[in-house]
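Trainee: Quick one, structure for this:
(chains A and B, ligands or ions: 1)
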Amino acid sequence: MNNHSDSQPAKRSDDEFFSGYSRLPKGIKRFLLKFIPLLFVGVVLFGIFVPRVHDQFNPGKFSRGQFEGLLVGEPVPHLLVPRKGKIESGSQFSRYLLSGFSKSSVPAKVTDQIGKWVQIKGAAVHRNNLTVVATGGAKPIERPAGAPLQPEPGVPLGEFSLKGEILDGKCYPGVMKPGQGKTHRACAIRCISGGVPAVFLSHNEQGDPLYFLLADSNGKSVSKQVLDLVADPIQITGQVTQYGDLFLIKADPSTYQRL
Amino acid sequence: MSVAYKSIQWNRTKIIYDLLLFAAIGIYLFLFTYSAKLVSPDLEMRGLDIRAFGSAAFILLHVILSIGPLCRFDRRFLPLLYNRRHMGVTMFFLGLIHVIGFNLSDIPVLSNIPYKADGALYWYHDFGNVEPIVSLFAGNTHYGSLVRFPFETLGVIGLAILFLMAITSHDFWLANLTAPIWKALHMSVYVAYAALVGHVTLGAIQTNRHPFLTIAVGLGLVWITVIHLLAALQERRRDRAVAPPATATDHYVDIGSINEIPDTRAKIVTIAGERVAIFKYDGKIAAISNVCQHQNGPLGEGKVIDGCVTCPWHGYQYLPETGASPPPFIESVPTFNVQLRDDRIFVSTIPNPPGTETIPARIYPDADGAQSYE
Ligand code: FES
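Mentor: Got it, this is the predicted structure:
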């Protein structure tokens, strides 16, 4: 009578009792020897799959380099680098946006040279056809032989309504993966408020990325006024001008619509 | 055994436990990096580390929160509960590294191992025109909008709670904050969990929109909710099943037959709203409160070992006759007087103050020569 129980028949494992300072009872041990490996299988599966579904595999990278071109100030400082080789169609220039190091604008040493041909040393980052060069100075040079005298004027394309997202011109093409979206918002705001050019990313019908510089209706930079819209899905309606493979959209920032 | 305030009381079980825990985390972090590099060998690793540590912490939190309910369903999970606080503290550190990074060379003995992980504070918020910590909170202040809600703040709330839990996880604090406050503090792990689900949903998932991530986090939330509800239901059902009969006379209620209780084990009944554990051991019956002084573990699911009721959660011990831990320990729980009438056990509805000695009822009075109705 002492050892049996009629209303609560005990399973064998029920009578085993674990306490941290004694050895594991057999049944519990057998159970854990099955369960813990299962946990490890889960760890392995998660370890393999979770990094693959993160949107982090873009080719943005830094490379050091030296660039010669015509320095332009509006709407944001950028460098027109004459394209090498035969240019049958398209622009005679590649357009590289300029920023300072870290999350800053180009220093006065650079902006003092606006309108001149300069040589710039710095770190270039690019993603698709968006290139930004971080630099600390610009050395005036003679116009290279054979370089076009003047940049061709932009081609007005008319009014467009574009959906997309404002990004910073540096971390997005650079080392940040994905470098856009809400998780990247604070970083992009710091960049843009520090003077890195803001860039508007939209997509054409084929899904190819298109990059737009932002300007107000007078063609001036709007960077500081759009900070609160950075990384949000927005729609901009304005006049689009094409400069080679870079676009400019002119619209008053107060007309930007959050979607 | 209860507690002597050594920094941590190590034993074989805890060492194996921690080794398995660290091995699992090490394997996860390694595979995370390795798997990403397989896809893209020249991948920038610094941003990746943030995700590796953040996701490790989040997955570990699910494991931590699953252990409690699993133990209610199957007692063989109890060894996982035994050292759960080490998991909690480890999870806090994973979250901290996710935020502030980690450099092995800062640790003197390990300084020649070249391992460094950058945190979000450095990677996203440094190098700007304000301090990183300011950027963390100033980058997004749209608290009024769900879609735009600053996920960073939710992460900070989660981490702050985990920090409080981690620094108070030692039994020193349990004793000094008193069990109810400590318990309340540690229940806030559910607030932390909610904040971190928000952090992940409104941050990584909203940005990334990969169905696997969304489904995984959703399933995690459903799993945690469902097992907690089921465990609570089961608890309620148990309570109802053992509710005392209404035939209370002279403050004693009939809680059942001595044959219902296996030797060295207990039956748990709710008497006057309080759970009482009635133990059978050495031919005796004694009753104490079911609530362990350590972390409210269910003493009635414990076992009498070496003459002491041993808590199934972390092994605190109490003498069944007195409800007191054997010296030098000082914990004690209320006791209840018991009587035997034939083979029926009667328990007083009025608890004795913690540590009050009672006379256990003897199942074989003849052996002692006298019937013992207390
Ligand atoms: S020993 Fe921790 S709750 Fe009882």
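Trainee: Run through the stretch 1-150 of chain A and note the low-pLDDT ranges.
Mentor: Applying pLDDT under 70 to the stretch 1-150 of chain A flags residues A:1-15, A:20-21, A:55-61, A:85-90.
Trainee: Is any residue of the helix or strand that contains residue B:233 near chain A?
Mentor: In the assignment (DSSP states H and E), residue B:233 maps to helix B:211-241. Yes: counting by Cβ under 8 Å from any Cβ of the partner chain, chain A is contacted by helix B:211-241 at B:212-213. Using the backbone N, CA and C atoms, a C-beta is placed for each residue, glycine as well.
Trainee: For the helix or strand following that helix, the averaged confidence score.
Mentor: Where DSSP H and E defines the elements, the next helix or strand beyond helix B:211-241 is strand B:252-257. Here strand B:252-257 scores 87 as its mean pLDDT.
Trainee: and strand B:252-257, what other elements does it pack with?
Mentor: strand B:266-271, strand B:344-348 (3 or more Cβ pairs under 8 Å, 6 or more residues apart in numbering or on different chains; DSSP states H and E).
Trainee: If you count neighbours, what's buried in it?
Mentor: Residues of strand B:252-257 classed as buried by neighbour count (16 or more other Cβ atoms under 10 Å in any protein chain shown): B:252-256.
Trainee: same thing with stretch A:228-235?
Mentor: Neighbour count says stretch A:228-235 has A:229-232, A:234 buried, by 16+ other Cβ under 10 Å.
Trainee: Let me know the closest of the residues you listed to the ligand.
Mentor: Relative to the ligand, the closest of those is residue A:231; by Cβ to the nearest ligand atom it sits at 46.7 Å.
Trainee: burial of the closest residue to the closest one other than its chain neighbours, as a residue count?
Mentor: Nearest residue to residue A:231 in three dimensions, chain neighbours excluded: residue A:185, at 3.7 Å (Cβ to Cβ, 6 or more residues apart in numbering or on different chains). Counted by other Cβ atoms under 10 Å in any protein chain shown, the residues lying close to residue A:185 total 28.
Trainee: Repeat that for residue A:140.
Mentor: The number of residues near residue A:140, taken as other Cβ under 10 Å, comes to 11.
Trainee: From chain B, how far out is it?
Mentor: Here residue A:140 is placed at a distance of 29 Å from chain B (Cβ to the nearest Cβ, to the nearest Å).
Trainee: The closest residue to that residue other than its chain neighbours: what's it in contact with?
Mentor: Closest residue in space to residue A:140, ignoring its immediate chain neighbours: residue A:116 at 5.1 Å, by Cβ to Cβ, 6+ apart. For residue A:116, the contact set (Cβ atoms under 8 Å, 6 or more residues apart in numbering or on different chains) comprises A:70-71, A:140.
Trainee: distance between the ends of stretch B:341-350?
Mentor: End-to-end span of stretch B:341-350 (Cα to Cα, to the nearest Å): 18 Å.
Trainee: can you list contacts of it?
Mentor: B:244, B:248, B:251-259, B:269, B:271-272, B:276, B:278, B:285, B:287, B:336-340, B:361, B:373.
Trainee: what about residue B:346, how many residues close to it?
Mentor: Applying other Cβ under 10 Å, I find that residue B:346 has 23 neighbouring residues.
Trainee: The closest residue to it other than its chain neighbours: what's it in contact with?
Mentor: Leaving aside its sequence neighbours, residue B:346 sits nearest to residue B:252 (Cβ to Cβ, 6+ apart; 4.0 Å). Neighbouring residues of residue B:252 by Cβ under 8 Å, 6+ apart: B:339, B:346-349.
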